[in-house]
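Chemist: Need coordinates for the following:
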Amino acid sequence: MSDSVSYAHLQEQIRRSQAITARVDALDVPRARSLARLQHWQRRRLDATYQDLRDSPRYLPACEFFLHELYGGRDMVERDRQLKRGAPVMRRFLPDHLLAAVGDAMQLQAISLEFDLALSDLLVDVDEITQPDYARAYRQHGDWEGREHQLRLIRELGELLGETVQKPLVHRLVRLMHGPAVMAGFRALQEFLRDGLYAFAEMGEADHFLDTISEREGDALRRMREGRDWPFEQWAGRGP
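Modeler: Residues are numbered from 1 along each chain as shown. You can find the predicted model right below:
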């Protein structure tokens, strides 16, 4: 992407994310509780599905960043507020590939929350979510192409971050930004950038991590589409 294309992509994803956040803020009490239950269950499910990766110091930071920060529904309101204010500054100081990575991260986060909102509406009357409940809601929602796009985006973002951490000057730049970012009120945004780059620098070669996510999430997607009720049983048993 050129600088102008990457920046436009980032701006678009900021607007999309804030629109979704506004939808979350407007939820009535039953739907807000359903969303919170679903996201709690989803984080536990992800931890169980990828416990083998989380047990490795090499992969743990990437699990936290990818699976919780972007895919698992962690709160993002303050970071997105800072991102809207900080985007023009980022355009001046960050290289194009890092702008593109932030835009892709925002896109993945937005897609994940949109799916969570849709599923939580289908699970609003379920007090204790189980795998069969989740699989049923998935089939009712039925956006299989959207889910496959979500998984492709995980792969593409991971590969982009993997390329970015091969550029030592980027690490130095993000570290040098810490003090000024905190003073300017951009702490959450700077820490988001730092954590993402640190996760991939710590991991090194990312193929195994990305292959594992693609294979397991893809297998679970296929099982749900086939009508199976325990799509994560291979990794999470009958939990979480």
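Chemist: going forward, measure contacts between C-alpha atoms and count neighbours the same way
Modeler: Will do.
Chemist: Tell me where the model's unsure across this protein.
Modeler: 1-3, 72-79, 168-171, 173-190 (pLDDT under 70).
Chemist: Identify the single longest helix in it, thanks.
Modeler: Ordering each helix of the chain by length in residues (DSSP state H) puts helix 96-122 first.
Chemist: who does it touch, helix- and strand-wise?
Modeler: When contacts are defined as 3 or more CA pairs under 8 Å, 6 or more residues apart in numbering; DSSP states H and E, helix 96-122 sits against helix 3-25, helix 29-49, helix 131-141, helix 144-164.
Chemist: Include distance to Cys63 and mean neighbour count when you put these into TSV, please.
Modeler: Converted to TSV, those look like this (distance: least, CA to CA, whole Å; neighbours: other CA atoms under 10 Å):
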stretch	distance to Cys63	mean neighbour count
helix 3-25	22	17
helix 29-49	9	19
helix 131-141	21	18
helix 144-164	11	17
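Chemist: Could you provide those helices in TSV, with additional columns for distance to His68?
Modeler: Listed next are those as TSV, based on distance: least, CA to CA, whole Å:
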stretch	distance to His68
helix 3-25	17
helix 29-49	7
helix 131-141	18
helix 144-164	13
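Chemist: So for Arg228, which of these sits nearest?
Modeler: helix 131-141 (7.5 Å; CA to CA).
Chemist: Now do that closest one: distance to the chain's middle.
Modeler: Offset of helix 131-141 from its chain centre (CA atoms, centre = their mean, to the nearest Å): 20 Å.
Chemist: and the nearest residue to Leu53 once chain neighbours are set aside, how many neighbours?
Modeler: Leaving aside its sequence neighbours, Leu53 sits nearest to Tyr59 (CA to CA, 6 or more residues apart in numbering; 5.6 Å). Residue neighbour count, defined by other CA atoms under 10 Å, stands at 21 for Tyr59.
Chemist: Backbone dihedrals for Tyr59, both of them.
Modeler: phi -100, psi -10 (degrees, to the nearest 10).
Chemist: Please tell me I have it right and it contacts His208.
Modeler: No: contact criterion CA atoms under 8 Å: Tyr59 and His208 do not qualify, at 9.7 Å.
Chemist: And the residue nearest to Leu53, how far from Asp219?
Modeler: 21 Å (CA to CA, to the nearest Å).
Chemist: Could you do Arg16 as well?
Modeler: Arg16 sits 29 Å away from Asp219, going by CA to CA.
Chemist: try Ala36
Modeler: For Ala36, the distance to Asp219 (CA to CA) stands at 26 Å.
Chemist: Please name the nearest non-neighbouring residue to the most centrally placed residue in the chain.
Modeler: Computing the C-alpha centroid of the chain and ranking residues by CA atoms, centre = their mean puts Leu70 first, at 1.5 Å. Leaving aside its chain neighbours, Leu70 sits nearest to Gln109 (4.6 Å; criterion: CA to CA, 6+ apart).
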